[in-house]
Structure formats: C-alpha cells, structure tokens
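This is a predicted model, with the sequence first.
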Protein chains: 4
Amino acid sequence: MHETRIRVRFDEVDQMSVVHHPRYLIWFEVARTQYLTDLGLPYRDVVASGTHLAVIEVGLRYLKPARYDEEVVVTTRCTESSGARVALSYEVRRGADLLATGFTRLASIEPTGRPKRMPEALRTLFDAAVAQGK
Amino acid sequence: MHETRIRVRFDEVDQMSVVHHPRYLIWFEVARTQYLTDLGLPYRDVVASGTHLAVIEVGLRYLKPARYDEEVVVTTRCTESSGARVALSYEVRRGADLLATGFTRLASIEPTGRPKRMPEALRTLFDAAVAQGK
Amino acid sequence: MHETRIRVRFDEVDQMSVVHHPRYLIWFEVARTQYLTDLGLPYRDVVASGTHLAVIEVGLRYLKPARYDEEVVVTTRCTESSGARVALSYEVRRGADLLATGFTRLASIEPTGRPKRMPEALRTLFDAAVAQGK
Amino acid sequence: MHETRIRVRFDEVDQMSVVHHPRYLIWFEVARTQYLTDLGLPYRDVVASGTHLAVIEVGLRYLKPARYDEEVVVTTRCTESSGARVALSYEVRRGADLLATGFTRLASIEPTGRPKRMPEALRTLFDAAVAQGK
C-alpha cells in the first residue's frame, strides 16, 4: 500500500481544535502527488506534457478527528481506470485509528478544459495499479 | 430556495486558473452559516450554547469550473433531520450554469466531541425546513 | 476612503478562536480586487492584457483579534506609484476598533515573471489615487 | 541553523503557477513548530500549559517564486527575546536560491488573549537561542 506521512499544521485546525474537514481533500492531493511520483510519473511532468487530471467527483466520511502536530498516514490506492477517467481511494490513519476514508474521481483534460483521452503512459500505470490492487 | 452570493477570491483559484475543488466545501460552509442565520439561529449562537455540528460525510460532483472574480450563487436546502443528525444539499451556479452539486451530513456533538441529541430549537428548525422543502 | 466589507468565515479562524494571521493578507487581496474594480480597471482585465502585479513585500501589525461571523471593514489606499511598482496600505476595523494595519508592495511583471514597466492605464490610475490621497 | 524542509503543495500555487504570497506565513509557522520541538518545548505543550504565542507583527520580502512540487528549506533563527515577546526570522531557499526572507514577532498571552509574562521555560530557551545566534 502506498503511504504518505503528513504532520498536521496549525492552520489546518479549526476553533474546535480539530482538523477542518476540507483539509482532507488537500491531504488526498498531497498523497496523490506522492503516489504518481512513486509510480514513476510525477504529476508536474504530466501537466508539463499538456494533460491535467481534473477532479470531477469526491466523497469523504469522517470517523475520528485529528489534531495539531499529530502525524497522520494517508494510504492511496487506484480503484478504477478507463480511457478518460481514474478513481483513487484513500484512508487516513493516526497509528491504528482510522480517521477518515474517501475517494476522488479524476478526468483527463486539455489545459483548455476539454476532455481528452488519458495519455497512454498514464493509462498503463493506472491499469497496472488497479490490477495489482495498489 | 436559500441563496448565498460569493465572489471568487484570487487565492481560491489554482494554477489551471479554475477554483480549486476543496474550496467548494468552504463555500458550502459559508452558505450554511448564512442559512442558519436566516433560519433564525446563527451557528455562532449554537456553538456558544454548547453544541457543535461536526461534518461526518460529504460528497461533491464538479460539472463546470469557476474562475477568479466571478460571482457564484450557492443554494442550500435541508434534506434530512433526525435526533442527532442533519443533511444539507447545495448547488453552485454562475448565472444559469450549474457548476457543482454536493451535500454535507452533520452530527450534533458536545464541545468534547461526544455525540449528543440535537438541541430542540435546532431540531424544530431543521424538521420544518425539510417539511417545507427549503 | 475605499472600503471592503468581509464576513469572517469559519475556516479563517484558528484553534484560539481568532482569525489566523495569514488570512489578513487574503483580505488585503480581496480588498485590492475590489479597489481596482472601483478605480475602473478590474485586476482580471489587467491579467488578461498581459500584466501581473506580483507581491514583493508585505508588512502587518495585529492589534486586536477578529472572530467567526463578525463583519470587518478593510480600507485601502494607494501610497506610492512609480514606473514599475505600487504600494497600497490597509486598515482592518470591526466597528470603531482598529484590528490590524498593513501594506503590500507590488511590481509589474510579464506573465513569465520578468519585470516590465507599469502599463500606462494603471500608472495613471495609481498616480491619481496617490495625488488624491485615496 | 535550524532547517525545515517543505514540498510545495498543489493548493499553495496560484494561477500564475507560483506559490501564493500568504503561504510563506504558513511555512514560517510550520518551521516555528519544528523549531520549538527541536529546542525541546513543542508548541502543543506550550498551549496545553496555558500559554499562547500570538503573532503581533510580520514582515516579508519576496525575491524569487517557488513552484508546485519543488522542495524548499526554511531556516529559522531567534533574533530577540524579552519578558513578553519573542522575534524569529526566516529565510526560504530552493537549493542555493534565496526565495524570501521574513520575520514574525510574537507575544505571550493567556488563552483569553490577555498579555502574560513569557513562561520561564520558554524565556530561557529563547534567551539561549539568541545568545547562540540560532
């Protein structure tokens, strides 16, 4: 399983002293950047080659709160890959405690925003990740 | 329908020049604050009286992008109310264009984070809102 | 004096229940957008015509805190204008209380980041604003 | 010199594809958390013992931009320590390039916001840091 370690920043916590719920989407994005880099295709290179992966759908469930200066681990897995879309799912843990789960569905688009086929290099990586359950 | 107008801030836009996807959750929260105030029970008063409404689940679909300095309108509606939970759904539009839809499910909790029954005043408001489809 | 009204969002407040200090820079940017629009030259049009105003220096003093759902007013004034740079100063108030003061110095640059002369239309506006003390 | 490594997150970059200027204050805060922990007094423990360090003044100069997925290093140094206040200065580099410099001045306060003397443990640490130029 792909893991990304994140230390909770002071600005990520709200006045209830828990991490504000939208920040988990930021953490998913941090994890996605690391995941693509570790698969061998950094997202900055994907963008530089003219493809953007736009987020078209997300879902999250919040189970337990995280707090300032705690370390959490985000596990990332690719669950679907098709000609134009890819879905990733995420789990956020602090030690053994599962804090949140979620998914993001992304579409391959031109810099202009028009849909485009997933570039072959990305498609191959995502297909392999799904096949290997990682 | 309850409407909240929001002008897109420069810091809400990413390097693709579109509003970054987690910001819609911030907009939902801005809309929710306004919605509760307009129902007659400002959230700051709810908090002051010892109840927090913690977000326990969210879902969003992104249809079209929003850009810097555009004005968007968030419509908010209460779709479920129970003894401990409430669900709201949102639509974000720029003029006639539907940009995104989503929902948030919230749970009534103590300041300590322990679940508590929804205070009667809130429950009554939410039940009435669901009954009136607003 | 140019004024911009802002209602404090829940995500702008930290675990001490006061607005987190970097957010004042976001408010200055919101005020700057409104200021330029009201001067007759929306920043989105400036950007569309190929000029960016990059922030090169900032300074802020924090006097009193702001809290969730309060309304604050940012006053904006142009204090310096030259061939390539402009400085604006800001005051944030809640009612009669002065909460913070600050300034931003901005440089005219190409989209590539290279310095460029301030476009004539902007220079004229900023010079006039300085002369009129607004 | 105390160093904190930070990888630029996608949400930290604006539509000019450079890190948005307020984020450097967030990075200073991340660096400050790490700095206090490495001095032996984690800020979360300071807060738990009833002292907050409120930011009362900041200043920053921006020299060169940072971009998505780059790694930057923030060096932190304590420059002043007194009975109620402390000042830290920061430099942000990417490799040998100096990207930005800045400072934050903080005041010791009660959780209520009232000024209080700097707790002895903190004062001792800060005085020693200033004396050792670190």
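That came through fine. Keep in mind the model is a prediction, meaning the values are calculated, not measured.

now the helix ranked longest in chain A: how far from the chain's centre is it?
Secondary structure assigned by DSSP state H gives helix A:23-39 as the longest helix of chain A. Chain-centre distance of helix A:23-39: 4 Å, with C-alpha atoms, centre = their mean, to the nearest Å.

can you list contacts of it?
For helix A:23-39, the external contacting residues (C-beta atoms under 8 Å, 6 or more residues apart in numbering or on different chains) are A:2, A:4, A:6, A:12, A:42-43, A:46, A:58, A:60, A:62, A:72, A:74-76, A:88, A:90, A:92, A:100, A:102, A:104, A:125, A:129, B:21-22, B:25, D:9-11, D:69. Just so you know, the C-beta spots here come from the backbone N, C-alpha and C atoms, and that holds for glycine as well.

again, 6 Å this time
Helix A:23-39 is contacted from outside by A:2, A:4, A:6, A:12, A:43, A:60, A:74, A:76, A:90, A:100, A:104, A:125, B:22, D:9-11, using C-beta atoms under 6 Å, 6 or more residues apart in numbering or on different chains.

Just those residues: which are in strands?
Cross-referencing those against strands under DSSP state E gives A:2, A:4, A:6, A:60, A:74, A:76, A:90, A:100, A:104.

The fifth one pairs with what?
The reference is to residue A:74. Beta-bridge partners of residue A:74, counted by DSSP bridges, are residue A:4, residue A:92.

for it, what are its contacts?
Residue A:74 neighbours (C-beta under 6 Å, 6+ apart): A:4, A:27, A:31, A:90, A:92.

can you check the second one too?
For residue A:4, the contacting residues are A:31, A:34, A:74, taking C-beta under 6 Å, 6+ apart as the criterion.

Kindly recompute the last result at 7 Å.
Residue A:4 makes contacts with A:30-31, A:34, A:74, A:76, as judged by C-beta atoms under 7 Å, 6 or more residues apart in numbering or on different chains.

for the first one, same thing?
With contacts defined as C-beta under 7 Å, 6+ apart, residue A:2 is in contact with A:35, A:38, A:75-76, A:134.

now with 10 Å?
The neighbours of residue A:2, taking C-beta atoms under 10 Å, 6 or more residues apart in numbering or on different chains as the test, are A:31-32, A:34-36, A:38-39, A:74-78, A:88, A:90, A:129, A:134.

now it: how far from chain C?
As judged by C-beta to the nearest C-beta, to the nearest Å, residue A:2 and chain C stand 28 Å apart.

how near is that residue to residue A:92?
Per C-beta to C-beta, to the nearest Å, residue A:2 is found 13 Å from residue A:92.

circling back: now, among the contacts of residue A:74, which is nearest to chain B?
residue A:27 (9.9 Å; C-beta to the nearest C-beta).

Just the buried residues from the contacts of residue A:74, in PyMOL please.
Buried residues within those, by 16 or more other C-beta atoms under 10 Å in any protein chain shown, are selected in PyMOL with:
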select buried, chain A and resi 4+27+31+90+92
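
could you dump the contacts of residue A:74 to TSV with pLDDT?
Formatted as TSV, the contacts of residue A:74 follow (pLDDT from 0 to 100):
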residue	pLDDT
A:4	98
A:27	98
A:31	98
A:90	98
A:92	98
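
where does chain A come near chain B, residue by residue?
Neighbours of chain B within chain A, by C-beta under 10 Å from any C-beta of the partner chain: A:14-18, A:20-29, A:47, A:52, A:54-65, A:100, A:102-107, A:109, A:111-113.

list residues touching both of residue A:2 and residue A:92?
With C-beta under 10 Å, 6+ apart as the test, residue A:2 and residue A:92 both reach A:31, A:74-75.

Weed out the non-buried ones from the residues of chain A next to chain B.
Among these, those buried by neighbour count (16+ other C-beta under 10 Å) are A:14-18, A:20-29, A:47, A:52, A:54-60, A:62, A:65, A:100, A:102-107, A:109.

Count the residues that sit near residue A:119.
With neighbours defined by other C-beta atoms under 10 Å in any protein chain shown, the count for residue A:119 comes to 15.

a markdown table for the contacts of residue A:4, including distance to residue D:119?
As requested, these are exported to a markdown table (distance: C-beta to C-beta, whole Å):
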| residue | distance to residue D:119 |
| --- | --- |
| A:30 | 34 |
| A:31 | 37 |
| A:34 | 38 |
| A:74 | 35 |
| A:76 | 41 |
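
so who does the residue lying closest to residue A:100 once chain neighbours are set aside touch?
Excluding its sequence neighbours, the residue lying closest to residue A:100 (C-beta to C-beta, 6 or more residues apart in numbering or on different chains) is residue A:92, at 4.4 Å. Applying C-beta under 10 Å, 6+ apart to residue A:92 gives the contacts A:4, A:6, A:19, A:24, A:27-28, A:31, A:60, A:62-64, A:66, A:72-75, A:98-102.

what about residue A:80, neighbour count?
For residue A:80, the neighbour count with other C-beta under 10 Å is 13.

Need the three-state assignment for it.
Recorded secondary structure, residue A:80: strand (DSSP: H, G, I helix; E, B strand; the rest coil).

what does chain A have sitting close to chain C?
Counting by C-beta under 10 Å from any C-beta, chain A sits next to chain C at A:10-18, A:20-23, A:67-68.
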